[in-house]
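[1] sequence first, then the predicted structure, then my questions.
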Number of protein chains: 2
Amino acid sequence: MALLDDFKRGDRRALSKIITHIENRREGYRTILAQISRFERKAFRIGITGPPGAGKSTLVDSLVAKLANTGKKIGVVAIDPSSPFTGGALLGDRVRMQHLADKDKVFIRSMASRGQSGGLAAATRDVITVLDAFGMDLIIIETVGIGQIELDIIEACDTVVVILVPESGDMIQTMKAGLMEIADIFCVNKIDRPGADRLVSYLNNMIHERLGEFSQEFPAVGTNAVSGLGVDKLSDAISRHRDYIVGNGMFEQRRKRQLKNEILSSVRDRIVKDLDHMIDLDGQFESISSKLNSGETDPYTAADEIYEHYFRGRLVNG
Amino acid sequence: MALLDDFKRGDRRALSKIITHIENRREGYRTILAQISRFERKAFRIGITGPPGAGKSTLVDSLVAKLANTGKKIGVVAIDPSSPFTGGALLGDRVRMQHLADKDKVFIRSMASRGQSGGLAAATRDVITVLDAFGMDLIIIETVGIGQIELDIIEACDTVVVILVPESGDMIQTMKAGLMEIADIFCVNKIDRPGADRLVSYLNNMIHERLGEFSQEFPAVGTNAVSGLGVDKLSDAISRHRDYIVGNGMFEQRRKRQLKNEILSSVRDRIVKDLDHMIDLDGQFESISSKLNSGETDPYTAADEIYEHYFRGRLVNG
């Protein structure tokens, strides 16, 4: 296939086309993915998450500009569930690219959650695979919120940075456990604002409390994404975390878990995609519908029966 | 079960407990759902969606206060994928309830997307079922964005209101088709701001263009959620749309499609929930892993093989 040859040769338009193909689950996307996933993949994956308004995009842009200067090839995947409304996925990439000196080293892609037949997390995983196979050294995954979808995506990262702002103070107390669970590095952006010092100390105490489980702690990093203050430090912290997890075997463990999740997510994706065709609901629907009307069944019992019929039997016997 | 008896008697604490149980997919949640879904359900479902910052929550609150005065029992389900970060799901409900005169008529519930094993859309559908069975006359589903999850949720509504603000102008052009597809009624909030009139005319032209397909058009409604301006008109438009779709049979059609989706979503939810247990990936993982290392397979081919083994065979033979 000519497109794959162009992709192998490093053609960015081919990369873009393949991502679109895969993101939209067009025919044959799994075949392309299967081929691409056999290419050499060596990218380190950095997840960046935090509440809306924390300045994630600006910080990612600064970080990318810095890292691109070191000669690294960087892929950015930006996920915003509301992007179809805000137009982020349509206009954002080009606007963001303008600020970069070395545009050839960086590829930014926003994920539009629209138009996918189920599974933003699965599609994101696939796009990460494609960027990795394209030869990126680093892949940055930028996502808002820590809902289930975001957690699934974050699971696919090697180092996770949680960006907070001084105003996040109240929220952190309620979310402490959840944040500690996902964050490898905390970053306090808009560090010039009142309350920033207090937040940094609070986070450092939290990190220190957890030290029992870890042999090395990573103190919170203060940044101002707009002026670029602290971005160096954040970049250093990420490198140190990388060395740390590679050194102590955590990296390999994460990769194993990621691979497992990648496979499961891929199975799940295919089931969800095929479900409507697999289950001949149309043929059964009239009979189900009349049973529902007569009170003989309910939607959940009907669903369980369909499930048993199509899936459970197979698993008991198979 | 005592809890179900309390629920039947209209006990709000029982309602709250059952929703939590179901939202968190605790043991036995499907049995409860199956029972509850057989209760009489007669609620009309109003979906309210729009970009972040359009003032959805404020508008929903005004609308609810107005509708509660007419003696209607109202359930509100607010979905915000970033709520675990912003604390919306934790603090929002109580704060929002304070503004209501007749608190007994209204039940507000925010959906935290965290803590669900896959499927915010499925969980939301289930919560709608529970509120309906509790005896609500109206259920308002408030959601941000129009990603796939939101579209699945919107599909479960009878009348869909898309809230825009004068600033949304640019976005609308790119999104025209998507918006027209989901909106039954457009509402321009913050109607006092510059550009509002132009947006209203633009929308009305769009609506008029589509008239070919429909026998009645619903012009865009202007509101100011904070002052309450236009909320009457919005409420009227929703009632008229309801009468319209009930009268021409569209309501029944939608309900049929919704029921079908409800069943499919329930099957899908159960598959996703059971997938990790169903597939003995741990047992196979070492062998898959070594095949991956030797280049004999790739994650997608491995996933396809697992899928074929567990599912496809059943469907061909079953």
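    All right, it came through fine.
[2] use CA for all of it now, contacts and neighbours both
    Will do.
[3] okay, now the unreliable bits of chain A?
    Along chain A, the model assigns pLDDT under 70 to residues A:80-102, A:112-119, A:145-150, A:171, A:174, A:211-215, A:276-282, A:311-318.
[4] so if we follow the domain assignment, how does it break up?
    Here the domain parsing of chain A from automatic domain parsing is A:39-267, A:279-317.
[5] any idea which of those domains is most buried?
    domain A:39-267 (a mean of 19; mean count of other CA atoms under 10 Å in any protein chain shown).
[6] tell me how far that one is from the chain's mean position?
    From the chain centre to the centre of domain A:39-267 is a distance of 8 Å (CA atoms, centre = their mean, to the nearest Å).
[7] mind listing the strands for the stretch 101-250 of chain A?
    Secondary structure of the stretch 101-250 of chain A (DSSP state E, counting those that start in this stretch): strands at A:106-111, A:138-144, A:159-164, A:185-188, A:221-222.
[8] quick check: which of the ones you listed is nearest to B:Arg9?
    Closest approach to B:Arg9 among these (CA to CA): strand A:138-144, 40.8 Å.
[9] and that closest one, which strands flank it?
    Strand A:138-144 has its sheet partners listed here by DSSP bridges as strand A:44-50 (parallel), strand A:74-79 (parallel).
[10] sorry, back to before: will you turn the strands of the stretch 101-250 of chain A into CSV that also has distance to A:Phe44?
    Shown next, in CSV, are the strands of the stretch 101-250 of chain A (distance: least, CA to CA, whole Å):
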stretch, distance to A:Phe44
strand A:106-111, 14
strand A:138-144, 5
strand A:159-164, 8
strand A:185-188, 15
strand A:221-222, 20
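[11] closest one to B:Lys273 among these?
    Between those, strand A:138-144 lies closest to B:Lys273; by CA to CA that is 24.0 Å.
[12] report the angle between that closest one and strand A:159-164.
    40 degrees (axes from the mean of the first three to the mean of the last three CA atoms, to 10 degrees).
[13] now A:Thr301. Nearest residue, chain neighbours left out?
    Spatially, and ignoring its direct neighbours in sequence, A:Thr301 is nearest to B:Ala34 (6.0 Å; CA to CA, 6 or more residues apart in numbering or on different chains).
[14] for the one you found, what are its contacts?
    Contacts here follow CA atoms under 8 Å, 6 or more residues apart in numbering or on different chains; on that basis B:Ala34 touches A:298-301.
[15] can you tell me the centre-most residue of chain A?
    A:Ile153 (3.3 Å; CA atoms, centre = their mean).
[16] pull the residues that contact the helix or strand where A:Lys291 lies.
    A:Lys291 is located in helix A:281-293, with elements delineated by DSSP states H and E. Residues from elsewhere that reach helix A:281-293, judged by CA under 8 Å, 6+ apart: A:297-299, A:302, B:260.
[17] try 6 Å
    Helix A:281-293 has contacts (CA atoms under 6 Å, 6 or more residues apart in numbering or on different chains) with A:297-298.
[18] and what of stretch A:11-28?
    Contacts of stretch A:11-28 (CA under 6 Å, 6+ apart): A:3, A:6-7, A:29, A:116, A:123.
[19] for those, work out which two are farthest apart.
    Farthest-apart pair in the contacts of stretch A:11-28 is A:Asp6 and A:Gln116; separation 25.6 Å (CA to CA).
[20] which residues does A:Val160 contact?
    A:46-48, A:183-184.
[21] repeat the analysis, applying 7 Å as the threshold.
    By CA atoms under 7 Å, 6 or more residues apart in numbering or on different chains, the contact list for A:Val160 reads A:46-48, A:182-185.
[22] which residues in the stretch 1-150 of chain A form helices?
    A:2-8, A:12-23, A:29-36, A:56-69, A:83-86, A:88-97, A:120-134, A:148-154 (DSSP state H, counting those that start in this stretch).
[23] what angle do the second one and helix A:29-36 make?
    It refers to helix A:12-23. Using the same axes, to 10 degrees: helix A:12-23 against helix A:29-36 is 130 degrees.
[24] show me which residues of helix A:12-23 are buried.
    A:14-16, A:18-20, A:22-23 (16 or more other CA atoms under 10 Å in any protein chain shown).
[25] distance of the closest residue to A:Thr297 other than its chain neighbours from B:Ile36?
    Nearest residue to A:Thr297 in three dimensions, chain neighbours excluded: A:Lys291, at 5.7 Å (CA to CA, 6+ apart). Here A:Lys291 is placed at a distance of 16 Å from B:Ile36 (CA to CA, to the nearest Å).
[26] what of A:Ser266?
    34 Å.
[27] just A:Ala123 next, same as before
    From A:Ala123 across to B:Ile36, the span is 35 Å (CA to CA).
[28] can you check A:Lys260 too?
    37 Å.
[29] got it, and A:Asp137?
    53 Å.
[30] and for A:Lys233?
    A:Lys233 sits 55 Å away from B:Ile36, going by CA to CA.
[31] mind listing what the nearest residue to A:Leu234 once chain neighbours are set aside touches?
    Leaving aside its sequence neighbours, A:Leu234 sits nearest to A:Val221 (CA to CA, 6+ apart; 6.1 Å). With CA under 7 Å, 6+ apart as the criterion, the residues that contact A:Val221 are A:186-188, A:233-234.
[32] looking at these, which is nearest B:Ser168?
    A:Val188 (30.8 Å).
[33] my guess is that closest one meets A:Pro219, correct?
    No - A:Val188 is beyond contact range of A:Pro219, at 10.7 Å (criterion: CA atoms under 7 Å).
[34] follow-up on the earlier one: for B:Lys66, which of the strands paired with strand A:138-144 is the nearest?
    The nearest among the strands paired with strand A:138-144, by CA to CA, is strand A:44-50 at 36.0 Å.
[35] with just CA atoms, put that closest one into CSV.
    Taking Å, rounded to 0.1, in the frame of the first residue of the first chain, the C-alpha atoms of strand A:44-50 are listed here in CSV:
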residue,chain,number,x,y,z
PHE,A,44,8.3,7.6,25.8
ARG,A,45,4.7,8.6,26.7
ILE,A,46,4.0,11.6,28.9
GLY,A,47,0.4,12.2,30.1
ILE,A,48,-0.6,15.7,31.1
THR,A,49,-3.9,16.2,32.8
GLY,A,50,-5.7,18.7,35.0
